[in-house]
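>>> Pasting the sequence and the predicted coordinates here, then a few questions.
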Amino acid sequence: MKIFLALIARDLTLAIRQGGGVGMALGFFLAVMVLLPLGIGPDLKLLQRIAPGALWITLLLSVLLSADRIFQPDDDDGSLELFSLGLMPMELVALAKAIAHWITTGLPLAIAAPALGVLLNLDSSLFLPLLAAMGLGSMALSLLATIGAAVTVGLKRGGLIVSLLILPLYVPVLIFGVAATAGQNAMPGVFGSSLLILLAIALACLVLAPAASAALLRAHMK
Amino acid sequence: MRLIADKIDCERGGRRVFSDLSFTLGSGEGLLLTGANGSGKTSLLRLIAGLGDPAGGTFSIDGMDDDLAIGQRSHYVAHRNALKTALSVEENLAFWAKFMGASDVAAGIERGLGLFNLDHLASYSAGLLSQGQARRLALSRLELVARPIWLLDEPSVGLDEASCKQLAAAMNSHMDKGGLLIATTHTGLGVSFTKTIDMSEGA
């Protein structure tokens, strides 16, 4: 457990000092949210209707933006090899990297989403559902991103391939995430069940993604 | 404890690098790997550490009752230094000490910094180190936790004369304490090895 926390703490320190992590994802999120109303025009009703979907799609893209950097720096400097000689199994290394990625990317975006939603005239009754659904959903996104990152860890410029590989896996999260935040008027009673399905997806990813990533990383090193 | 390599074959990209390599290394012994570029020195170290599977043959350890893998008993210092340039010298060592399960992280860091007199650079960013200093920092990992097997891939590259002597002293004291040492070199390391394998011969 101490080893696990040490790895997360190191990744968080690196993300804060090197920038690129929190700043890039938040900056991208902010840029899209500012530009979208300008591009679509001042139709408040329309903006309100598309707000949850727009927020979710931007969240997906922000997570993808940093996905290929999850294992790449550690592979470049040889840290990844030393990880495999550590006392902690690779599965837990992959899980720690996913959690660090979530804390630096998905979580800040989920917290910022209601505030940025104001720019899209987001219904204020959706603030809490959005926060909950995005918090859970982005956890699943980060876990899935580690699989894509592990596949392309040996490739320079693997970003595009990561996106192509894991976008299909993101579709269920997007569908149920948008359903959970569509609001009581559009889809009454759907919030609870959608949130539960998001939770189920996140938990399934929590089990499967580290195992898949670890297997891929081992294959890469051999 | 003894490390036994039994009829190891190594293939890389479909090419046979070496085959039928066997050796036994006991406590306090050192093995030097020499040979031309591409003769498989680094490949052999990686195979021992478990970073790859041999095409044939097995590595085993006897005289130990826990079931750790060879890699988990080994310090592996390769060409890449595994340093984070955004962290300070001390933070780099602290992370690896924790990651390798040191029981006393502070004492480990102190030993690590002491090995190559890096104390005065402790709070310095690792990104500002010179090539040789970064190499010394990477080698300082050897002292963070006690592991019985040292796998060193051309450890002296980039080191100045004084650091080479300190490295030789560290390797000698490791073997005096009953540790196993396997190193590759082109230049000589100033340590008397028990065995030498010239990798070029098997090719």
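Received it, and whenever you're ready, just let me know what you need. Numbers count the residues shown, from 1 in each chain, chains lettered A, B, ... in the order given.
>>> For the longest helix along chain A, name the packing helices and strands.
Using DSSP state H, we find that the single longest helix of chain A is helix A:190-221. With contacts taken as 3 or more C-beta pairs under 8 Å, 6 or more residues apart in numbering or on different chains; DSSP states H and E, helix A:190-221 sits against helix A:79-84, helix A:90-101, helix A:127-151, helix A:159-180. From N, CA and C alone the C-beta is placed, and that goes for glycine too.
>>> Buried residues of the shortest one, list them for me.
Which is helix A:79-84. For helix A:79-84, a neighbour-count test (16 or more other C-beta atoms under 10 Å in any protein chain shown) marks A:79-84 as buried.
>>> next one: the second one
For helix A:90-101, a neighbour-count test (16+ other C-beta under 10 Å) marks A:90-101 as buried.
>>> Who are the contact partners of the closest residue to chain B within chain A?
Of all residues in chain A, A:Gly78 sits closest to chain B, at 3.0 Å by C-beta to the nearest C-beta. Contact analysis of A:Gly78 by C-beta atoms under 8 Å, 6 or more residues apart in numbering or on different chains lists B:78-82.
>>> Which pair of the residues you listed spans the longest distance?
Farthest apart among those by C-beta to C-beta are B:His79 and B:Ala82. That separation is 10.3 Å.
>>> which of those two has more neighbours?
Between B:His79 and B:Ala82, B:Ala82 has the larger neighbour count (other C-beta atoms under 10 Å in any protein chain shown), namely 22 against 11.
>>> Now do the same for the more buried one: helix, strand or coil?
Under DSSP: H, G, I helix; E, B strand; the rest coil, B:Ala82 falls in the coil class.
>>> residue contacts, it?
A:77-79, A:81-82, B:96, B:138, B:141.
>>> Give me the contact list for the helix or strand hosting A:Ala112.
Under the criterion of DSSP states H and E, A:Ala112 resides in helix A:107-117. Helix A:107-117 is contacted from outside by A:22, A:25-26, A:29-30, A:33, A:51-52, A:55, A:59, A:62-63, A:122, A:126-128, A:130-131, A:134-135, A:137-138, using C-beta under 8 Å, 6+ apart.
>>> And stretch B:170-180, by the same measure?
Contacting residues not belonging to stretch B:170-180 are listed as B:1, B:3, B:25-31, B:115, B:139, B:142-143, B:148-150, B:152, B:181, B:183, B:189, B:191 [C-beta under 8 Å, 6+ apart].
>>> among the residues you listed, which ones are buried?
With burial judged by 16+ other C-beta under 10 Å, the buried subset of these is B:3, B:25, B:29-31, B:115, B:139, B:142-143, B:148-150, B:152, B:181, B:183, B:189, B:191.
>>> Please list the members of those that lie in helices.
The members of the buried ones among the contacts of stretch B:170-180 that map onto helices under DSSP H are B:115, B:139.
>>> where does the chain dip in pLDDT?
You didn't pick a chain, so chain A it is. Scanning chain A for pLDDT under 70 picks out A:19-21, A:184-188.
>>> um, chain B though
Of all residues in chain B, those with pLDDT under 70 make up the ranges B:201-203.
>>> How about the residue of it found nearest chain A: what's its closest non-neighbour residue?
Residue nearest to chain A within chain B (C-beta to the nearest C-beta): B:Arg80, separated by 3.0 Å. Spatial nearest neighbour of B:Arg80, chain neighbours left out: A:Gly78 (3.0 Å); criterion: C-beta to C-beta, 6 or more residues apart in numbering or on different chains.
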